[in-house]
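**Q** Mind folding the following:
(2 chains)
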Amino acid sequence: MKTFVRFGSGNQLLGILAGDAATASGPILILPSAGLQPRSGPFRLYVELAQQLAPIGIRTFRFDVPGVGEAARLAGYDENSATLAAIDALQERHGGSEFAVGGICSAADVAWKAAVNDRRVKAILMLDGVSFTGPWYIYARAVDRIRRLPREWLRMLTDAKQARSEKGMKSADFRDWPSHKDARREFSGLVARQVDQLWIYTGGFTDRFQHPRQFSWSFGESTRSPQVTMHYWPDCDHTFFARAHRDRLVSTIREWMVEFCSNAGKRP
Amino acid sequence: MAIAAWEPLWLDESSRCLYAAMHPAAPGAFPGSLPGVLIVPPLLHEQPRSRRFVTEVASGLGAMGMPCLRFDFFGTGDSDGTGDQLDFASMHHDLDLAIAALRARTGVDAVVVLGWRAAALPVYGWLSARRTADLLVLWEPLADGELWLAEIEREDAIQRRQRPRPRPGVARLTDMDDGQLMGFAASAQLRRDLARTRLVADPHTPAVPTWAVLQPEAPRLSIEVARTFLLPPSIPTFTGGTDMEATFFLSPLLERVVNDLGRALVDELGRALLEQEFR
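**A** Numbering: from 1, shown residues only, chains lettered A, B, ... in the order given. You can find the predicted model right below:
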């Protein structure tokens, strides 16, 4: 069963709530559109997630953020305010009380902000989410370069020079991230609130993440909490182009959501 | 451009549950006096890439008084089903549903089918056989399904090698038999349908009057095209890949083409309908 939900400024935004409220009264997974991709998700990932989760009683809600896909641009209304408005609408009209928010890339940034600002968000799905380079990143990058054939070194040098001369934009330039200090503080706060977290970093994010130990370096001791799961999948690309990669991702999220939903109503 | 208000709906909700969106005619337009437009999206990776653009075109034509219905084929976009359930037969079934919904919801007398890119391949034969619309407009149509299939199979192989960029020590997964094409399921039947379809006139079946919106350097179509609209050079194209930011919008240059097309539709079908009413 799928339901259209109007929400946001003047009810001008639209999302699709998948799953039956009669049989699924637990948490709802909210999936804001990612980047400039429409709400069906890269390679229809969010639709596949909805199709996998609905039969086991887990509802999903996917929507286009303002200015993306079918959604009009709304003055003074961005993806963060839209997500909070979606939570309001789902709580008021569709019986949602606990929410997981997340997705790929910019959708992960939205999830982070939503969780930090709204206690109704009890879980975040962070696919290539916020990350900070540091010693482990530098180490992994150096090892990667050494392992390449000498003929590739010249190309890497040329690429690096060109990037410097063009002042080329990196992935982080398109992202909405807190400072490292704020991110650590906010991460600890989420763990203290027992917010479940699934983090997956891919091989399509190599300008920001190249080594699994970067995660604890970025966010500190709190990463060891049982509430936090992190996977590093260097064989996958940023948008999970390959069928097998999407299957692995959907299966991992499904297991995580089942676990999260089994504790519904028990969190502070 | 701003997107005017529109209504989402499900077509055949109990069975296929196709996602559709109705862009109403702007207030003030005389109901039934102008044609309704059925908008048929491009296929595979070109569909999400052009989602915003197609929505903006529908909104623009709605503002000119022509109600538009957009929809996603079964197994694509926000519709039910999985990608491997998509083939020409399923598309024909969905087109029947969509055109019936457009007529039922708007009461229009005349219908224009506006199809993008590879949608031309299933649409042309379907419309020639059914004759359920008054005019077909093909936007950058792909005239040779086999050629397009070969092109995207080549591009798919490149994408598989580059996603993610190869790194020493990281295993690569390149299962070319996973039934995917440009990241989307493409069944053997869909590939067969594409491979055997060309835009050619059938000497035994008179075609529905057809207009085309073409790139200036596009090869001549082998079907009869009554009117052609040329796209400005250097506009974004549908072949821009599958990256996260691979999308395009209705730029002012493209908006001019849409306005020209809209005015021509009003002149052609609006006048004919008016004359019919007076008779």
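**Q** what does the average pLDDT come to for the helix or strand containing residue A:250?
**A** Residue A:250 is part of helix A:243-262, with elements assigned from DSSP states H and E. Throughout helix A:243-262, pLDDT has a mean value of 96.
**Q** just stretch A:83-100 next, same as before
**A** The model assigns stretch A:83-100 a mean pLDDT of 94.
**Q** For the chain, which segments count as helices?
**A** Chain wasn't specified; assuming chain A. A:45-53, A:79-94, A:106-117, A:135-147, A:150-166, A:180-192, A:213-219, A:243-262 (DSSP state H).
**Q** please go with chain B instead
**A** Per DSSP H, chain B has helices spanning B:46-49, B:51-63, B:88-106, B:120-130, B:145-162, B:188-195, B:252-265, B:271-278. These are given in chain order.
**Q** Give me the buried positions along the fourth one.
**A** Of the residues in helix B:120-130, those buried under the neighbour-count criterion (16 or more other Cβ atoms under 10 Å in any protein chain shown) are B:120, B:121, B:122, B:123, B:124, B:125, B:126, B:127, B:128. For every residue, glycine as well, the C-beta is placed using N, CA and C.
**Q** Excluding its own residues, what touches that helix? List them.
**A** Helix B:120-130 has contacts (Cβ atoms under 8 Å, 6 or more residues apart in numbering or on different chains) with B:40, B:88, B:91-92, B:95-96, B:113, B:115, B:133, B:136, B:138, B:141-143, B:145, B:193-194, B:197-199, B:202, B:205-208, B:210, B:223.
**Q** repeat that with 6 Å
**A** The contact list for helix B:120-130 (Cβ atoms under 6 Å, 6 or more residues apart in numbering or on different chains) reads B:40, B:88, B:91-92, B:95, B:115, B:133, B:136, B:138, B:141, B:145, B:197, B:199, B:205, B:207-208.
**Q** Where does the prediction get shaky in the stretch 1-150 of chain B?
**A** B:29-32 (pLDDT under 70).
**Q** can I get the helices of chain A in TSV with distance to residue A:69?
**A** Shown next, in TSV, are the helices of chain A (distance: least, Cβ to Cβ, whole Å):
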stretch	distance to residue A:69
helix A:45-53	11
helix A:79-94	12
helix A:106-117	13
helix A:135-147	33
helix A:150-166	30
helix A:180-192	29
helix A:213-219	31
helix A:243-262	20
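**Q** TSV for these, including mean neighbour count and distance to chain B?
**A** Output for these, formatted as TSV (neighbours: other Cβ atoms under 10 Å in any protein chain shown; distance: least, Cβ to the nearest Cβ, whole Å):
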stretch	mean neighbour count	distance to chain B
helix A:45-53	23	7
helix A:79-94	19	14
helix A:106-117	24	9
helix A:135-147	14	4
helix A:150-166	10	9
helix A:180-192	17	22
helix A:213-219	20	16
helix A:243-262	17	4
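**Q** among the ones you listed, which is nearest residue B:152?
**A** Set against residue B:152 and scored by Cβ to Cβ, the helices of chain A come closest in helix A:243-262, at 15.8 Å.
**Q** any residues touching that closest one, and which ones?
**A** Against helix A:243-262 from outside (Cβ under 6 Å, 6+ apart): A:26-27, A:45, A:48-49, A:52, A:58, A:123, A:196, A:198, A:236, A:240, B:173, B:178, B:180.
**Q** so which one among these has the lowest pLDDT?
**A** Least confident by pLDDT among those: that is residue B:173, with 73.
**Q** returning to what we had before: so among the contacts of helix B:120-130, which ones count as buried?
**A** Buried subset of these (neighbour count, 16+ other Cβ under 10 Å): B:40, B:88, B:91-92, B:95, B:115, B:133, B:136, B:138, B:141, B:145, B:197, B:199, B:207-208.
**Q** which two in those are spaced the farthest apart?
**A** B:133 and B:145 (21.3 Å).
**Q** wait, isn't residue B:269 in contact with residue B:110?
**A** Yes - here residue B:269 reaches residue B:110: they are 4.7 Å apart, a contact under Cβ atoms under 6 Å.
**Q** who touches both of those two?
**A** With Cβ under 6 Å, 6+ apart, residue B:269 and residue B:110 have common neighbours residue B:35.
**Q** Not counting sequence-adjacent ones, nearest residue to residue 189?
**A** Reading this off chain A. Leaving aside its chain neighbours, residue A:189 sits nearest to residue A:116 (7.1 Å; criterion: Cβ to Cβ, 6 or more residues apart in numbering or on different chains).
**Q** ah, I was thinking of chain B
**A** What sits nearest to residue B:189 in space, not counting adjacent residues and going by Cβ to Cβ, 6+ apart, is residue B:87, at 4.1 Å.
**Q** That neighbour and chain A, how far apart?
**A** 17 Å (Cβ to the nearest Cβ, to the nearest Å).
**Q** and that residue, what does it touch?
**A** B:187, B:189, B:190, B:193.
**Q** Make a markdown table from these and add neighbour count to it.
**A** A markdown table is the format used below for these (neighbours: other Cβ atoms under 10 Å in any protein chain shown):
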| residue | neighbour count |
| --- | --- |
| B:187 | 18 |
| B:189 | 15 |
| B:190 | 28 |
| B:193 | 20 |
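**Q** Appreciated, that's everything.
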